[in-house]
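[1] sequence first, then the predicted structure, then my questions.
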Amino acid sequence: MSAAFVTRFAPSPTGLLHRGHAYSALLAYAAAQAAGETFLLRIEDIDATRARPEFEAAIFEDLAWLGITWREPVRRQSEHLDDYEAALARLAAEGLVYRCFRTRKEVAQAMASAPHGAMDTFRSAPLPAEEEAERLARGERFAWRLSLKAAQARLDGFEHLTFQEEGAGPNGETGLIQARPELGGDVVLARKDVGVAYHLAVVVDDALQGVTHVIRGCDLFEAAHVQRLLQALLGLPTPVYRHHRLLAGPDGKRYAKRDRAETLQALRAAGVTPEQLRQEMGL
């Protein structure tokens, strides 16, 4: 008997789905069907400033129109904040994260002023205890950042961190991949304004839901490197990754919410059928 195959489609309800979303969802759904196993839908709504219930409703409608079904119940990240806070607290207890009080602008300036040839990623260190206490007392905002230095010491280096890629990264990376979390710098794991950040939430979710295969666009290939590190630090299983190509419009630009790519709702209103859409995408 083959091992379980569990995959997921995890959109954020911050806009309407477009062709690129449909392609990713259909690939994941087809893979689950071919394995005779489980397809999950997860709503990644941790950004309460942008998530909207009408966009979540539209996600269900669009996926149903595509002929996709999923196992209930749907996991909404906003309903499981305790899970992420527990993971963050565990990292904090081991000295693997630190409070960073710099603004995004200050971080950008620090990176721009780095010596020539330095990696264009941000790294820092905890503030002295007295200064940190003063800033906290003043109510200054901060972000929790993962300390690469502490993580490297905790794991005795990153050389043994690998993940399996069944698809391909943006430069054709495939097979057994050496994780290089240092390329991401000291990533943000939580902010006061939006709570937990993507990297931490997704590794906790995938582990709790038993996800064995992550099927997503190759624009997220770099994310697998830092997520592999978090899995190691938290003692979580590492799924198999299957990154796929990104669909692009007639102008050559990949479909994106921010560019107001033609939505599935608009295609449906124009009389496009799911079968026509699949054929157009080579499915």
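    It's in. Numbers count the residues shown, from 1 in each chain.
[2] helices along the stretch 1-150 of the chain, start to end?
    Defined through DSSP state H, counting those that start in this stretch, the helices belonging to the stretch 1-150 of the chain, from first to last, are 19-35, 53-65, 81-93, 104-112, 129-137, 148-155.
[3] could I get the ones you listed as CSV with distance to L200 and mean neighbour count?
    Using the backbone N, CA and C atoms, a C-beta is placed for each residue, glycine as well. Listed next are these as CSV, based on distance: least, Cβ to Cβ, whole Å; neighbours: other Cβ atoms under 10 Å:
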stretch, distance to L200, mean neighbour count
helix 19-35, 22, 20
helix 53-65, 22, 16
helix 81-93, 6, 15
helix 104-112, 18, 12
helix 129-137, 21, 11
helix 148-155, 13, 17
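[4] low-confidence ranges in the stretch 1-150 of the chain?
    1-3, 111-120 (pLDDT under 70).
[5] at 80 instead, please
    Along the stretch 1-150 of the chain, the parts satisfying pLDDT under 80 run over 1-3, 104, 107-121.
[6] just put the helices of the stretch 1-150 of the chain in a markdown table and tack on distance to L283.
    A markdown table is the format used below for the helices of the stretch 1-150 of the chain (distance: least, Cβ to Cβ, whole Å):
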| stretch | distance to L283 |
| --- | --- |
| helix 19-35 | 6 |
| helix 53-65 | 15 |
| helix 81-93 | 34 |
| helix 104-112 | 39 |
| helix 129-137 | 52 |
| helix 148-155 | 39 |
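[7] of those, which approaches G282 most closely?
    Taking Cβ to Cβ as the criterion, G282 comes closest to helix 19-35 out of those, the separation being 8.9 Å.
[8] for that closest one, packing partners?
    Based on contacts counted as 3 or more Cβ pairs under 8 Å, 6 or more residues apart in numbering; DSSP states H and E, the elements that helix 19-35 packs against are strand 6-9, strand 38-43, helix 53-65, strand 213-217, strand 240-244, helix 264-269, helix 274-280.
[9] again, only this time at 6 Å
    Where contact means 3 or more Cβ pairs under 6 Å, 6 or more residues apart in numbering; DSSP states H and E, helix 19-35 is packed against strand 6-9, strand 213-217.
[10] okay, those in a markdown table with distance to L283 and mean neighbour count next?
    Output for those, formatted as a markdown table (distance: least, Cβ to Cβ, whole Å; neighbours: other Cβ under 10 Å):
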| stretch | distance to L283 | mean neighbour count |
| --- | --- | --- |
| strand 6-9 | 14 | 24 |
| strand 213-217 | 13 | 22 |
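[11] what mean pLDDT does stretch 186-198 get?
    Predicted confidence along stretch 186-198 averages 88 (mean pLDDT).
[12] meant to ask about stretch 248-260
    In this model, stretch 248-260 carries a mean pLDDT of 66.
[13] which parts of the helix or strand harbouring A232 are buried?
    Under DSSP states H and E, the secondary-structure element containing A232 is helix 221-234. By neighbour count, with 16 or more other Cβ atoms under 10 Å as the criterion, the buried positions of helix 221-234 are 221, 223-234.
[14] cool, stretch 65-83 as well?
    For stretch 65-83, a neighbour-count test (16+ other Cβ under 10 Å) marks 65-66, 68, 70, 75, 77, 80, 83 as buried.
[15] please save the CA atoms from it in PDB.
    The C-alpha coordinates for stretch 65-83 follow below in PDB (Å, rounded to 0.1, in the frame of the first residue of the first chain):
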ATOM      1  CA  TRP A  65     -17.100  26.100 -10.900                       C
ATOM      2  CA  LEU A  66     -13.800  24.500 -11.800                       C
ATOM      3  CA  GLY A  67     -15.100  21.200 -10.600                       C
ATOM      4  CA  ILE A  68     -12.900  21.000  -7.500                       C
ATOM      5  CA  THR A  69     -14.000  19.400  -4.300                       C
ATOM      6  CA  TRP A  70     -12.100  19.300  -1.000                       C
ATOM      7  CA  ARG A  71     -12.100  17.600   2.400                       C
ATOM      8  CA  GLU A  72     -14.000  19.500   5.100                       C
ATOM      9  CA  PRO A  73     -13.600  21.300   7.300                       C
ATOM     10  CA  VAL A  74     -11.700  24.100   5.600                       C
ATOM     11  CA  ARG A  75      -8.800  25.400   7.800                       C
ATOM     12  CA  ARG A  76      -8.900  29.200   8.200                       C
ATOM     13  CA  GLN A  77      -5.600  30.500   9.700                       C
ATOM     14  CA  SER A  78      -7.500  33.300  11.600                       C
ATOM     15  CA  GLU A  79      -9.100  30.600  13.700                       C
ATOM     16  CA  HIS A  80      -5.800  29.000  14.700                       C
ATOM     17  CA  LEU A  81      -3.700  31.800  15.900                       C
ATOM     18  CA  ASP A  82      -2.900  29.900  19.100                       C
ATOM     19  CA  ASP A  83      -1.000  27.300  17.000                       C
END
